[in-house]
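Whatever this is, show me its structure:
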Amino acid sequence: MIFGAQYYRPPFPGRGDWARDFDNMAALGFNAVKLWAVWNWIESRRGEYDFSDLDELVSLARERALGVVINTIPEGAPPWSLEGNRDALYATKSGERIVYGGPANLPSAGWPGLCPDKEEASALAEGFIEAVSARYANESTVTAIDVWNEPHLEPMFDYRGDMLCYCEHSVARFRLWLERKYGSIGRLNEAWFRRLSSWEEVDPPPRFGTWADMMDWRLFWMDNLGRWLRRRVQAARRGAPGKTIQTHVAYSATLGNKLAGGLANELGDEFTLAREVDAFGLSSFPKWLQGERHVMVQLAHNEVVAAASRGKDFYQVELQGGGGKAGLLGGEVPSARDITLWNYNTVAAGGKGVLYWQYAPEPAGLESPGFGLTGFRGENTERSLAASACARALALPALDAARPVLSTNAIYLSRRSQTLCFCAERREELYAASVAGVYKAAYQESIPLRFVHEDYVETLAEEGLESLYMPMPLAIGAKEREALRAFVEGGGKLVAEAGAGLYDEGGKLDQDGLALRELFGLEHVELQALPQWGFARSVAGAGITAFSGKQYRQVVRPGAGVEVLARFADGEPALTERKLGSGKALFIATFAALSFNELEDEATRELLLRSFNPTGYPCVRARKVSSEAALGRPFAPVVRLLETAEDYFVAVSNHLEAEAEIELDMAALGDSIRKISLSVPASDGLVRKVKKY
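So this is what the prediction gives:
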């Protein structure tokens, strides 16, 4: 397990603090430190490298048995890199070129660097990454090279209202991507509704209009960032063939920091990026960016990134250590409780540790005086002491080998549906909030679930999935329809909301309603917007309490063999069920998860949770957990299972402000049951090892 902090971002902290701070890290029980290798600080003259700072820091770490993660930062580009490369400055759609400067998080400036779609510019940055990697290739203290700090289309955090990059090199790369996708200009014309004569006439969309071109423009960028990452990984491997190569996203782009998404705008798609590296991670600044319910939101981000990692090691590469920078002198400072719960959340999700951003407060610039785990003079705080307690309690070697037990419950994540929401109205927050609504309902009842992504839809049955909820599934392609039908026919339970497959994978209206017909036995009649984008309510029926939906309802006509379980007040179907093979497919004719995310009403929670197995795991036959429902707070402790070949680990993050009592009946040999009882203190966590047999 990894526990430590980000420490050095040149020129801070100053050399006079290094030995003192590293001594304290070791005393706290930390075993790792992260250091930035900034291009313009190390290669201020072309071909001349100054590693003196990093060399000394690595030596100090070695003496104290601290492993080192080196984060390469080519986004801090040296001035000489501009020579012959001004055509590779990032360009907005209006033609603005983004010149080098100093952003909030890069004191030595040079941000945002050059657009890697120019081969010569990319080669310069890759040469720097290779040189850094080679420098520490044989240094055992350096355990990993992080080749991209929070990969996204780099200027987008500062240019959220605009779109990038429209430089000539990115336009050329987009044309090549389209040619590979469509094969001929004729097929592109058919998909985009154009009459273009050659690839040279193809330009990226300058504004929102037809969805097909914007869908491709956004999906291209997600693929393109994956290609950029692949190039960086290859450079690091050339320099240090034996090292772990990693990256870490700024957050789950599917969710967005405030559950408003970020996939199609910032483009840091965790499911694309995680494929390229040995280890993966994320940043979380919960008290600063994730709202009042940051403890739940940080857990959700960890669990999405765990799903994207697909069994690779992942960890919290940056976790807020001090006051975030909101306002003149910063925002709320995390408490010891926050630090503790964030740590246990990461471990419960299967994460392999925590590095804080950052060890010491930032001395200068827009991030000053924020983020320090320690005080101004390096003194310990309640935060650093809580971090120390977590590092010691969770330093369990067996946890390194443990992997999450796959829950039988899942939420389906659709890159195309979320991108379509962005292309239609720049409203991907509607999709993200729908995902969050389902997650929140399960979280409040301590029901384990996982995330399943459209990239892996064909492996649903192989991974032990029983129940799958599809929030706002607007775009469903032919391959997805086929895989989802096979899942249901094989015994799975599929639940989908209004608009299921309303559009095909290219963003074109499916006038035949194939997903509705093939999966749910329904015919589309009409899609109806609700007045003031408000709420629709079903009528209580046999065994179904009246539930709510938001934004739209879809009028459908049930076919043979389809049972209507609930109706709206005017008699139109609100919930239907179709038996298909040995499974069943349910359709909710409104956006129930979006509604629950806002209203949190008991009836809609009950509807959403009907989809899932309450125990969440095949090896758990029954469970009982305490909650604060009696106090009007519908929360329960987070309980997750990890496993090795021999053992289970019950990981609990107790978000309650009271002691949590947990009882699990777990399958043992034959039909026997092993009863597990746990008491977890308020606002604390626990990991208990249980032999499988």
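
do you know how far D216 is from G477?
For D216, the distance to G477 (CB to CB, to the nearest Å) stands at 14 Å. For glycine as for every other residue, the C-beta is placed from the backbone atoms N, C-alpha and C.

likewise L82?
For L82 relative to G477 (CB to CB), the value is 43 Å.

again, but for S170
26 Å.

Over to V564?
28 Å.

Same check on V405?
For V405, the distance to G477 - CB to CB - is 30 Å.

same question, G29
Distance from G29 to G477, by CB to CB: 49 Å.

These two: who's more crowded?
Taking neighbours as other CB atoms under 10 Å, G29 and G477 compare with G477 leading, 20 against 17.

Start from the N-terminal end of the stretch 1-150 of the chain and give the helices.
18-27, 39-42, 52-63, 119-135 (DSSP state H, counting those that start in this stretch).

and of those helices, who's closest to E602?
The closest of those to E602 is helix 18-27. By CB to CB, the value is 47.3 Å.

And that closest one, what's buried?
W18, D21, F22, N24, M25, A26 (16 or more other CB atoms under 10 Å).

now swap in stretch 461-468 and tell me
So stretch 461-468, judged by 16+ other CB under 10 Å, has buried residues A461, L465, E466, S467, L468.

what sits against the third one?
E466 is in contact with T408, N409, G491, G492, K493, N613, counting by CB atoms under 8 Å, 6 or more residues apart in numbering.

do the same with the first one
Remark: with contacts taken as CB under 8 Å, 6+ apart, A461 is in contact with A486, F487, G490, G492.

Please report how far it lies from V452.
Counting by CB to CB, the gap from A461 to V452 is 11 Å.

Pull the distance from the strand of greatest length in the chain to the chain's centre.
Longest strand in the chain, counting residues (DSSP state E): strand 548-558. The chain centroid and the centroid of strand 548-558 are separated by 29 Å, computed with CA atoms, centre = their mean, to the nearest Å.

who does that strand pair up with?
strand 522-529 (antiparallel), strand 535-539 (antiparallel), strand 590-591 (antiparallel) (DSSP bridges).

And that strand, what's buried?
S548, G549, K550, Q551, Y552, R553, Q554, V555, V556, P558.

which residues pair with V142 across the strands?
Under the criterion used here (DSSP bridges), V142 is bridged to V68.

Where neighbours are concerned, which of the contacts of A461 has the most?
F487 (26 neighbours).

for that one, phi and psi?
Per-residue torsions, F487: phi -60, psi -50 (degrees, to the nearest 10).

Just put the buried residues of strand 548-558 in a markdown table and tack on distance to E179.
Converted to a markdown table, the buried residues of strand 548-558 look like this (distance: CB to CB, whole Å):
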| residue | distance to E179 |
| --- | --- |
| S548 | 47 |
| G549 | 42 |
| K550 | 41 |
| Q551 | 38 |
| Y552 | 37 |
| R553 | 41 |
| Q554 | 37 |
| V555 | 41 |
| V556 | 40 |
| P558 | 44 |
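
quick one: the residue nearest to L219 when sequence neighbours are not counted and A253, what's the gap?
Take L219 and drop its neighbours on the chain: the residue closest to it by CB to CB, 6 or more residues apart in numbering is T419, 6.4 Å away. According to CB to CB, T419 and A253 sit 11 Å apart.

Point out where this structure drops to low pLDDT.
Along the chain, segments meeting pLDDT under 70 span 629-633.

which residues touch the residue nearest to the spatial centre of it?
By CA atoms, centre = their mean, the chain has its centre lying nearest to S252, at 2.1 Å. Applying CB under 8 Å, 6+ apart, one finds that S252 lies in contact with E270, L282, A300, H301, V304, V305, A308.

Restricted to strands, list these.
L282.

Which of the contacts of S252 lies at the shortest distance from E661?
So of those, ranked by how close each gets to E661 (CB to CB), first place is A300, at 24.3 Å.

Looks like that closest one contacts L255 (just checking).
Yes: between A300 and L255 there is a contact at 6.0 Å, judged by CB atoms under 8 Å.

joint contacts of these two?
A436.

quick one, which of the two is more surrounded?
Per other CB under 10 Å, whichever of A300 and L255 has more neighbours is L255, with 28 against 24.

so the more buried one touches N302, yeah?
No: in this structure L255 lies outside contact range of N302 using CB under 8 Å: 10.6 Å.

Can you tell me the strand partners of the helix or strand hosting L664 and which way each runs?
Element membership for L664, per DSSP states H and E: strand 660-667. Partner strands for strand 660-667, per DSSP bridges, with pairing direction: strand 620-625 (antiparallel), strand 673-680 (antiparallel).

So what touches the longest one?
Read it as strand 673-680. 621, 637, 650, 652, 654, 659-668, 686, 688, 690.

Give the buried residues for that strand.
Buried residues in strand 673-680 (16+ other CB under 10 Å): R674, L678, V680.

Okay, and the beta partners of the second one?
Going back to what we said before, that points to L678. I662.

For the remainder of this discussion, apply numbering that starts at 35.
Will do, 35 is the new start, and the previous item becomes L712.

how close does it sit to S660?
For L712, the distance to S660 - CB to CB - is 11 Å.
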